[in-house]
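Participant: just coords:
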């Protein structure tokens, strides 16, 4: 197949071209991966922009005379290319590349495609003459690109943080405005249900459902308020000297009422001589309550929930263990993420908002502590809070 | 002979200049070996590129600035000033013979006449009166000893000690970067040290990003680009980071962006301002091209162009002729100008 040099140049990839010329610049043979071996008519100079004629002549003469040369960027067809030429015999091997640092590998590919060792020698020569200054420049460019990417990343993070703050603010405002009417509405329904007998069976059922929904919505709104307060950094801990045993005991006293309805036993085991910790009692109570309430909700009727306070080297450890369905391994990493709903349903039929664990984790972390979960699907789950004991 | 002709025939003219220089001084072949001619051709090409830029800008001051810079650079490498004078004479004679041009001749004569009286030293860019002078000096020393970690520590300590990110940019990064350039010019640091210092400073800047990019934003947008594949990017980075700190949203394009892509970015980002920086005057050609393209884009009719960089320093009015809306000599000026142009 014969084609003109300019057709070939416009039709091929600008990343890299490899071809051979005679010593007058007539193109003999093109080696290029996208068009294979093609016999090309015409001269190298045919398709040059006027401004590139002289530089190309100088480059080509130098390659012919000295055996090796590299050009300034030349405008060839629609592309700006750096040429590298090598003349070990009567044939000049040329690679033309947009990026000089690709020249050697293009020459290497050309050698493989054509079986012409002249291209391999060209690749060696390009590598040999690649000066330390070229390396510096390449490194500087790479570094510039890297820093630009870091900058874009920082800019995106800044924007995302702003958006996230805005979202939390909006959520907080919406939840705040919803709380009062929901409270009122729950109070009205409760009030109506005090006089249950005056309603037909079906209306009573509807009212009970209304009350359940209302309570759920209120809990959702309160969780959202808590969560957005934590996320926007508006939560302050009111630390006071506290006995952990008492905090946990108060939770268990509250939860026993709920647990007994489903014949669930809460076993509580506290090691003696608990140290006094400085904690925010209300927030810690809320955190432990979230764990115990979850354990009860996921336990089958008649099961047991175990709550233990122990100590390791540096921490007081509160563990809450249930024998419910457990958490599938692939869902474990999301347990503490906001708005996570697990695939396993509660045994009590209670709906989950998906914020309780996220709030719990953030509160524990605010105390300088950690929380983790261990679970084998089908065999229950154990949540463990560790709170650091202050150095004596 | 116009600037354009010099550019078109730069290889041919460079070759002729080199031939003539070596014909006059056959001993140079023995002294420098084959690389001597290569370097001579390179130098000739530089002279011609800077000459073309000066002719185009009708500015002899621009070429004199370049020659003054070259004089210091060569003198510190033991190249006698008379060699430079002679080389310029040869440039002059080759241009006269091959395609005479009245502006080229005038500018070259002026440069040759003034060469002797041009200073052979450059003052330090570190100002002892600056409140952050000790930080800047220490930072510079550590960079020159390739101790990036300690240099970063100097910066974080200064921030912890109450220095603002803005001051770190203006009073440490900016002058230290210029100082490293001066030390290279004076042959007191190597190319490797210079590259290391630029790269390290750019990396250390990223340590400040959490403080810069988290602030309050106004709805003002700027796109920043260097022209001509220049490696002198730090200055523009300083300007765009300071704009960001000042509440702007900025997109930094670096030096490898073709003009059309930069203009496209301005459209996509609904830029209020395009910042174009050029260090070397031969790259002014590309600045013109960028501005021409920018102006011919209808949706950018209300957007403005600010130019900056060393290439504009000698001709305070060049920005008008080149079609920009303003010129800023340093980061502070750029902040003020950007606010003024957009308000």
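Facilitator: Nice, I can see it. What you are looking at is a predicted structure, and each value in this text was computed from that prediction instead of being measured.
Participant: how about the residues of chain A near chain B?
Facilitator: A:50-51, A:54-55, A:57-58, A:72, A:133, A:136-137, A:139-141, A:143-145, A:147-148, A:150-152, A:154-155, A:157-158, A:161-162 (Cβ under 8 Å from any Cβ of the partner chain). Placement of C-beta: from N, CA and C, glycine included.
Participant: Could you give the average pLDDT over the helix or strand hosting residue B:136?
Facilitator: Residue B:136 is part of helix B:133-144 when elements are defined by DSSP states H and E. Throughout helix B:133-144, pLDDT has a mean value of 96.
Participant: What residues sit buried inside that helix?
Facilitator: For helix B:133-144, the neighbour count (16 or more other Cβ atoms under 10 Å in any protein chain shown) marks B:135-140, B:142-144 as buried.
Participant: what ranges do the strands span in chain B?
Facilitator: Secondary structure of chain B (DSSP state E): strands located at B:221-226, B:249-252, B:273-277, B:304-308, B:326-328.
Participant: Nearest to chain A among these would be which one?
Facilitator: Chain A lies closest to strand B:249-252 among the strands of chain B, at 5.6 Å (Cβ to the nearest Cβ).
Participant: What residues are bridge-paired with residue A:381?
Facilitator: Listed by DSSP bridges, the beta-bridge partners for residue A:381 are residue A:375.
Participant: per-residue confidence for it?
Facilitator: Reading off the model, residue A:381 has pLDDT 94.
Participant: what do you get for residue A:38?
Facilitator: So, for residue A:38, pLDDT stands at 42.
Participant: Please apply the same query to the one 10 residues further on.
Facilitator: On pLDDT, residue A:48 comes in at 73.
Participant: residues in contact with the longest helix that chain B contains?
Facilitator: The helix that spans the most residues within chain B, counting by DSSP state H, is helix B:35-56. Surrounding helix B:35-56, the residues in contact under the criterion Cβ atoms under 8 Å, 6 or more residues apart in numbering or on different chains are B:2-4, B:6-7, B:10-11, B:13-15, B:17-18, B:21-22, B:28-29, B:32, B:60, B:62-63, B:66, B:70, B:87-88, B:91, B:101, B:103-104, B:107-108, B:280-282, B:284-285, B:311.
Participant: can I assume residue A:148 is in contact with residue B:257?
Facilitator: No: under the criterion of Cβ atoms under 8 Å, residue A:148 makes no contact with residue B:257, lying 10.1 Å away.
Participant: so what's the most centrally placed residue in chain B up against?
Facilitator: The geometric centre of chain B, computed from its C-alpha atoms, lies nearest to residue B:279 (Cα atoms, centre = their mean), at 1.7 Å. By Cβ under 8 Å, 6+ apart, the contact set of residue B:279 is B:226, B:230, B:232, B:235, B:309-311.
Participant: Nearest residue to residue 232 in space, please, no chain neighbours.
Facilitator: Since you didn't name a chain, this refers to chain A. Leaving out its chain neighbours, the residue that sits closest to residue A:232 by Cβ to Cβ, 6 or more residues apart in numbering or on different chains is residue A:168, at 4.7 Å.
Participant: Not quite, go with chain B.
Facilitator: Nearest to residue B:232 is residue B:279, by Cβ to Cβ, 6+ apart, at 4.1 Å.
Participant: re the thing from before, tell me the helices and strands packed up against the helix holding residue B:136.
Facilitator: Applying 3 or more Cβ pairs under 8 Å, 6 or more residues apart in numbering or on different chains; DSSP states H and E, one finds that helix B:133-144 contacts helix B:148-160, helix B:174-185, helix B:191-206.
Participant: Please name whichever of those helices is nearest to chain A.
Facilitator: helix B:191-206 (4.3 Å).
Participant: Pull out the buried residues from that closest one.
Facilitator: Neighbour-count burial for helix B:191-206 [16+ other Cβ under 10 Å]: B:193-206.
Participant: quick one: it to helix B:148-160, angle?
Facilitator: 40 degrees (axes from the mean of the first three to the mean of the last three Cα atoms, to 10 degrees).
Participant: what's the spacing between the residue nearest to residue B:232 and chain A?
Facilitator: With the distance defined as Cβ to the nearest Cβ, to the nearest Å, residue B:279 ends up 13 Å from chain A.
Participant: Kindly report the same for residue B:161.
Facilitator: 23 Å.
Participant: Which pLDDT value belongs to that residue?
Facilitator: For residue B:161, pLDDT reads 94.
Participant: And the strands of chain B, which one averages the lowest pLDDT?
Facilitator: Among the strands of chain B, strand B:249-252 scores lowest, with a mean of 90.
Participant: Near the residue of the stretch 1-150 of chain B found nearest chain A, how many other residues are there?
Facilitator: Nearest residue of the stretch 1-150 of chain B to chain A, counting by Cβ to the nearest Cβ: residue B:11, 4.5 Å away. Neighbour count of residue B:11, defined by other Cβ atoms under 10 Å in any protein chain shown: 22.
Participant: quick one, what contacts it?
Facilitator: A:54-55, A:57-58, A:72, B:45.
Participant: please redo it, this time with the cut-off set to 7 Å
Facilitator: Counting by Cβ atoms under 7 Å, 6 or more residues apart in numbering or on different chains, residue B:11 touches A:54-55, A:58.
Participant: Kindly present the buried residues of helix B:133-144 as CSV, with separate columns for distance to residue A:325.
Facilitator: As requested, the buried residues of helix B:133-144 are exported to CSV (distance: Cβ to Cβ, whole Å):
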residue, distance to residue A:325
B:135, 61
B:136, 64
B:137, 67
B:138, 62
B:139, 60
B:140, 65
B:142, 60
B:143, 60
B:144, 65
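Participant: Tell me the one of the residues you listed nearest residue B:342?
Facilitator: residue B:136 (31.4 Å; Cβ to Cβ).
Participant: where along chain A do the helices fall?
Facilitator: Going by DSSP H, chain A shows helices at A:5-11, A:50-66, A:103-114, A:117-129, A:132-193, A:201-231, A:244-261, A:281-298, A:356-366.
Participant: Let me have the strands of chain B in JSON lines, extended by mean neighbour count and distance to chain A.
Facilitator: Shown next, in JSON lines, are those (neighbours: other Cβ atoms under 10 Å in any protein chain shown; distance: least, Cβ to the nearest Cβ, whole Å):
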{"stretch": "strand B:221-226", "mean neighbour count": "26", "distance to chain A": "9"}
{"stretch": "strand B:249-252", "mean neighbour count": "24", "distance to chain A": "6"}
{"stretch": "strand B:273-277", "mean neighbour count": "27", "distance to chain A": "13"}
{"stretch": "strand B:304-308", "mean neighbour count": "24", "distance to chain A": "18"}
{"stretch": "strand B:326-328", "mean neighbour count": "21", "distance to chain A": "20"}
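Participant: In TSV, list the ones you listed along with distance to residue B:115.
Facilitator: Formatted as TSV, these follow (distance: least, Cβ to Cβ, whole Å):
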stretch	distance to residue B:115
strand B:221-226	30
strand B:249-252	39
strand B:273-277	29
strand B:304-308	28
strand B:326-328	28
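Participant: near chain A, which residues of the stretch 51-200 of chain B show up?
Facilitator: B:191-192, B:195, B:198-199 (Cβ under 7 Å from any Cβ of the partner chain).
Participant: what do you get if the cut-off is 10 Å, keeping everything else the same?
Facilitator: Residues of the stretch 51-200 of chain B lying near chain A by Cβ under 10 Å from any Cβ of the partner chain: B:190-192, B:194-196, B:198-200.
Participant: ok, the residues you listed vs residue B:330, which is closest?
Facilitator: Of those, the one sitting nearest to residue B:330 (Cβ to Cβ) turns out to be residue B:198, at 17.9 Å.
Participant: separation between that closest one and residue A:61?
Facilitator: Distance, residue B:198 to residue A:61, by Cβ to Cβ, to the nearest Å: 37 Å.
Participant: for residue B:242, what are its contacts?
Facilitator: By Cβ atoms under 10 Å, 6 or more residues apart in numbering or on different chains, the residues touching residue B:242 are B:165-166, B:169-170, B:174, B:212, B:248, B:250, B:331-332, B:334-335, B:338.
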